[in-house]
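[1] Sequence isn't available, so here's the structure alone:
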């Protein structure tokens, strides 16, 4: 007995649907895409390892003598990607200067990263805040230590940056950018500026640290010194509108006093990002940091 073409087509379609439904019901595991560092640096000063993630401008070549400015990104294992992509796109369109991006990361996992940054980026010891953070984030008592900013800056100047300068075509035009505790550290580098860095991304800075100790130092600097003997410097300060009472007012105070100082050698831009929280603001402030610090006029 022969089967008519319409019936045959219907049976074929049903069989296909049955098998395809079985095929598509098999869910696939997501692929891991780990971010691999270009270098690992063992610091004698800090007693631990740092990972370096590097992005070069398209024009970079070992066959010429052109040297490039460098922007160092704190928390590099997390924030390097948020700078890498806009840097490539903005540079390709000729909207920013060619710049080498160096992400400085630390820790083998999220726990060790948190412990490391709590020490490296904080400007003074605050045992009460350490114990509070341990309780909040589930760390055993005594896990967190603070106040390592001075040593970490020394580590950058004598271990990390000399390594980069030795192996890559860099010049002395250096920038540094950080978020949260990283923003606190960037502000610390700026307030204690000696011309080593001349571009600063101070994003969502934790200026509340140790009862606003660094903020008080900054205000004193801005209000008592009519001039500041440092090279021409660019500064970008930002915060998300929804970051709360501990973050927004201190950022505004810092920026306002710096703006009122009217230092002729400091090019300041500051911004409050509408509707953004402490975490959602990161992509916005990364892109804006690049366009403010390296934008072509």
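    On my side now, so go ahead. This structure is a prediction, so every number in the text was calculated from the model and none was measured.
[2] Please count neighbours and contacts with C-alpha atoms only from this point.
    Noted.
[3] Now the phi/psi pair for residue 279, please.
    Phi and psi for residue 279, reported as degrees, to the nearest 10, are phi -100, psi -40.
[4] Would you mind measuring from it to residue 295?
    According to Cα to Cα, to the nearest Å, residue 279 and residue 295 sit 24 Å apart.
[5] Mind checking which of these two has more residues around it?
    residue 295 (16 against 12; other Cα atoms under 10 Å).
[6] ok, now which ones touch the more buried one?
    Shown in contact with residue 295 (Cα atoms under 8 Å, 6 or more residues apart in numbering): 95, 96, 97.
[7] Show the pLDDT at it.
    Residue 295 is assigned 96 on the pLDDT scale.
[8] what's the single longest strand in the protein?
    Ordering each strand of the chain by length in residues (DSSP state E) puts strand 170-179 first.
[9] Report the distance from that one to the chain centre.
    12 Å (Cα atoms, centre = their mean, to the nearest Å).
[10] before we move on, what about stretch 185-195?
    The answer for stretch 185-195 is 16 Å, by Cα atoms, centre = their mean.
[11] what about this structure, any weak spots by pLDDT?
    1-25 (pLDDT under 70).
[12] Show me the helices in it, by range?
    Along the chain, counting by DSSP state H, helices occupy 5-24, 76-92, 110-120, 127-137, 149-155, 161-167, 181-191, 209-224, 248-261, 282-294.
[13] and among the ones you listed, the most buried is which?
    helix 181-191 (a mean of 25; mean count of other Cα atoms under 10 Å).
[14] who touches it?
    74-75, 117-118, 121-123, 149, 153, 176-178, 197, 200-207, 214, 217-218, 221.
[15] One more pass at 7 Å, please.
    74, 121-122, 149, 176-178, 200-207, 218 (Cα atoms under 7 Å, 6 or more residues apart in numbering).
[16] Out of the residues you listed, which comes closest to residue 26?
    For the contacts of helix 181-191, the minimum distance to residue 26 (Cα to Cα) is 40.8 Å, reached by residue 74.
[17] Bridged to the closest one, which residues?
    Legend: beta-bridge partners of residue 74 under DSSP bridges are residue 104.
[18] my guess is it contacts residue 178, does it?
    Yes: with contact defined as Cα atoms under 7 Å, residue 74 reaches residue 178; the gap is 5.1 Å.
[19] Neighbours of residue 143, how many?
    Residue 143, neighbours per other Cα under 10 Å, totals 11.
[20] Could you identify the most distant pair in the contacts of helix 181-191?
    Pairwise over these, using Cα to Cα, the maximum falls at 74 and 218, 21.1 Å.
[21] so how many other residues sit close to the nearest residue to residue 50 once chain neighbours are set aside?
    The shortest distance from residue 50 to any non-neighbouring residue, by Cα to Cα, 6 or more residues apart in numbering, is to residue 106 (4.7 Å). Using other Cα under 10 Å, residue 106 is surrounded by 26 other residues.
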